[in-house]
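Engineer: what shape does this take:
(chains A, B, C and D)
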There are 2 protein chains.
Amino acid sequence: MPKILIVEDDPQITKILKLNLKLSGFETDNSTTIQDAWNKIGQNEFDLILMDIGLPDGSGIDLCKKIRESGKDVPIIFLSALTDEATVVKGIKSGADDYLRKPFGLEELKVRINKFVKRISPHKQIIKFGELTIDPVKRVVTIMDKIISLGRKELEILTLLAKKSGDIVTRENILNTLYDNAELYDRTVDSHMSHLRKKIREVAGQSLQISSVYGLGYRLEWKAR
Amino acid sequence: MPKILIVEDDPQITKILKLNLKLSGFETDNSTTIQDAWNKIGQNEFDLILMDIGLPDGSGIDLCKKIRESGKDVPIIFLSALTDEATVVKGIKSGADDYLRKPFGLEELKVRINKFVKRISPHKQIIKFGELTIDPVKRVVTIMDKIISLGRKELEILTLLAKKSGDIVTRENILNTLYDNAELYDRTVDSHMSHLRKKIREVAGQSLQISSVYGLGYRLEWKAR
DNA sequence: ACACCATCTGAAGAAGTTTTGAAAATCATT
DNA sequence: AATGATTTTCAAAACTTCTTCAGATGGTGT
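Structural biologist: Next up is the predicted model:
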């Protein structure tokens, strides 16, 4: 979960930001002073910093410069009531990645944040199940560090099984995942399953198995050896 | 000198932009329509695109999407009189890097442009993928410190594959990169691929491979040996 | 143990995709 | 204009995937 630091002295704004970012799946922390923010940045790894400019103990622009001088390249977005061009230019020149004028819309803020925070969408994330990994983007599957090559349907089945991390997957479940209009011979899945098992067996022996649960479906599991 | 494309139908604005960007050391080109812009993007390597949304033959947002779908990651900044949050959000979600509401200050525009434009143009930078290096300016390719000589198309294909660093590149992607008006026999790419593979094999054996991903495209990868 | 159903497996074929080499066309350079 | 390099076309062969099917195997309840 990406972590965002909010540097802002208005508790009202901080509250709204925290609430909204939390709902969007971010973890948040906040500081009301430059001093405190600097300490927190030293102690934590943030994925992004939202920063006001007018702070009780100095200017956010100076803090931004200090952060860049220290060599950190964490994305920084200014949120400021100072809307004049000169300040915006100074802000960005100080090393910030973006500058939003107050008042700003929360949707706009979120979409701008997302540009900087790499949140790999769930269906692009590498799936792991013990020593099995599936990279859905590269379409690479490894078992115990060995690559196996799978057909599209086989990959989809294995992905489904791995996602359920050992829970039972029904045949119907598989059918729905593989086909939109399920009008086909219902032993086809068995066939894929057989091919898939064979390929797994060839690299993993009996360590990784697709066990069938009679009358219910399938389950992926690692066996101790 | 970094090249900027201005997509804008108001000649007044275009004129001011061109003048100012020129003074800041940019080369500029401009289009007044989506159609023309799309052609120019296909024929040139721009370092950044400034784009209006309301254009005579369509929406800049659609053009932006089209550019991203074609696989190009050139920075895009929207400049639009549409100032409502919903449009801004749509614009950025369509793949743009920034969005400035009209009227905007020229200093602010320039400082925002500078965030995205590296003074060394990205398409002139040396590309590395493991022990493969491509110098797009000198047109020199080395694999494991050995130079190989490639035809123009072969070079372009390898460059595309290397830039994607192991991710899948579709045949369509390759076609878009190689040709402006893709009206040619669609097995041509395969032919180039075959030649390219042969040349790579001669110096790298099986270490560096272009694997094909059935039904999807190609992927460049290093094999441990 | 038996009948009954569920599941496994490998063979075969259909449909589609990719590879390859040869030949023709084009391009670049002398 | 001649030469060699590069690009494109083409068609046959090779390959990978998906599906169907039939016979074998396995699990469950009586």
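Engineer: please tell me how far the residue in chain A positioned nearest to DNA strand D sits from DNA strand C.
Structural biologist: Residue of chain A nearest DNA strand D, by CB to the nearest atom of the strand: residue A:151 (2.4 Å). C-beta: built from backbone N, CA, C; applies to glycine. Remark: distance between residue A:151 and DNA strand C (CB to the nearest atom of the strand, to the nearest Å) = 11 Å.
Engineer: residue A:129 now?
Structural biologist: Following CB to the nearest atom of the strand, the distance that separates residue A:129 from DNA strand C is 19 Å.
Engineer: partners of that residue in the sheet?
Structural biologist: residue A:132 (DSSP bridges).
Engineer: tell me how many other residues surround it.
Structural biologist: 19 (other CB atoms under 10 Å in any protein chain shown).
Engineer: residue A:221 now?
Structural biologist: Count around residue A:221 with other CB under 10 Å applied: 15.
Engineer: same question for residue A:87.
Structural biologist: So residue A:87, with other CB under 10 Å, has 19 neighbours.
Engineer: how about residue A:115?
Structural biologist: Neighbours of residue A:115 (other CB under 10 Å): 17.
Engineer: and the residue of chain A closest to DNA strand D, what's its pLDDT?
Structural biologist: Residue A:151 is assigned a predicted lDDT (pLDDT) of 97.
Engineer: same check, this time on residue A:224
Structural biologist: Reading off the model, residue A:224 has pLDDT 79.
Engineer: buried residues, stretch A:97-113. List them.
Structural biologist: Across stretch A:97-113, burial judged by 16 or more other CB atoms under 10 Å in any protein chain shown covers A:97, A:98, A:99, A:100, A:108, A:109, A:110, A:111, A:112, A:113.
Engineer: and the end-to-end length of that stretch?
Structural biologist: 10 Å (CA to CA, to the nearest Å).
Engineer: looking at chain A, which residue reaches furthest from the middle?
Structural biologist: residue A:185 (38.0 Å; CA atoms, centre = their mean).
Engineer: can you classify that residue as helix, strand or coil?
Structural biologist: At residue A:185 the chain is in coil, as set by DSSP: H, G, I helix; E, B strand; the rest coil.
Engineer: same deal with residue A:82?
Structural biologist: On the basis of three-state DSSP, residue A:82 is classed as coil.
Engineer: show me the contacts for it.
Structural biologist: A:53, A:54, A:88, A:101 (CB atoms under 8 Å, 6 or more residues apart in numbering or on different chains).
Engineer: go back to those and keep what's next to chain B.
Structural biologist: residue A:88 (CB under 8 Å from any CB of the partner chain).
Engineer: need the longest helix for chain A.
Structural biologist: helix A:188-204 (DSSP state H).
Engineer: got the buried residues for that helix?
Structural biologist: A:189, A:192, A:193, A:196, A:197, A:199, A:200, A:203, A:204.
Engineer: equivalent analysis for stretch A:139-158, please.
Structural biologist: A:139, A:140, A:141, A:143, A:148, A:150, A:153, A:154, A:155, A:156, A:157, A:158.
Engineer: ok but the third one is inside a helix, no?
Structural biologist: No - assessed by three-state DSSP, residue A:141 does not belong to a helix; its assignment is strand.
Engineer: any idea how far it is from residue B:220?
Structural biologist: Separation of residue A:141 from residue B:220 (CB to CB, to the nearest Å): 18 Å.
Engineer: same deal with the fifth one?
Structural biologist: Using CB to CB, one obtains 20 Å as the distance from residue A:148 to residue B:220.
Engineer: same question for the fourth one.
Structural biologist: Separation of residue A:143 from residue B:220 (CB to CB) stands at 23 Å.
Engineer: so which bits of chain A are right by chain B?
Structural biologist: Counting by CB under 8 Å from any CB, chain A sits next to chain B at A:85-86, A:88-89, A:92-93, A:97-98, A:105, A:107-108, A:111-112, A:115, A:137-139, A:151-152.
Engineer: and the lowest-mean-pLDDT helix or strand in chain A with DNA strand C, contact?
Structural biologist: When each helix and strand of chain A is scored by mean pLDDT, DSSP states H and E, helix A:171-178 comes last, with a mean of 92. Yes - using CB under 7 Å from any atom of the strand, helix A:171-178 reaches DNA strand C at residue A:171.
Engineer: who touches that helix?
Structural biologist: A:153, A:156, A:157, A:160, A:182, A:186, A:189, A:217, A:218.
Engineer: restricted to helices, list the buried residues of stretch A:97-113.
Structural biologist: A:108, A:109, A:110, A:111, A:112, A:113.
Engineer: could you single out the nearest of those residues to DNA strand C?
Structural biologist: Nearest member of those to DNA strand C, counting by CB to the nearest atom of the strand, is residue A:111, at 35.1 Å.
Engineer: gap between that closest one and residue B:199?
Structural biologist: Taken as CB to CB, the span from residue A:111 to residue B:199 is 44 Å.
Engineer: now swap in residue A:72 and tell me
Structural biologist: On the measure of CB to CB, residue A:72 and residue B:199 end up 43 Å apart.
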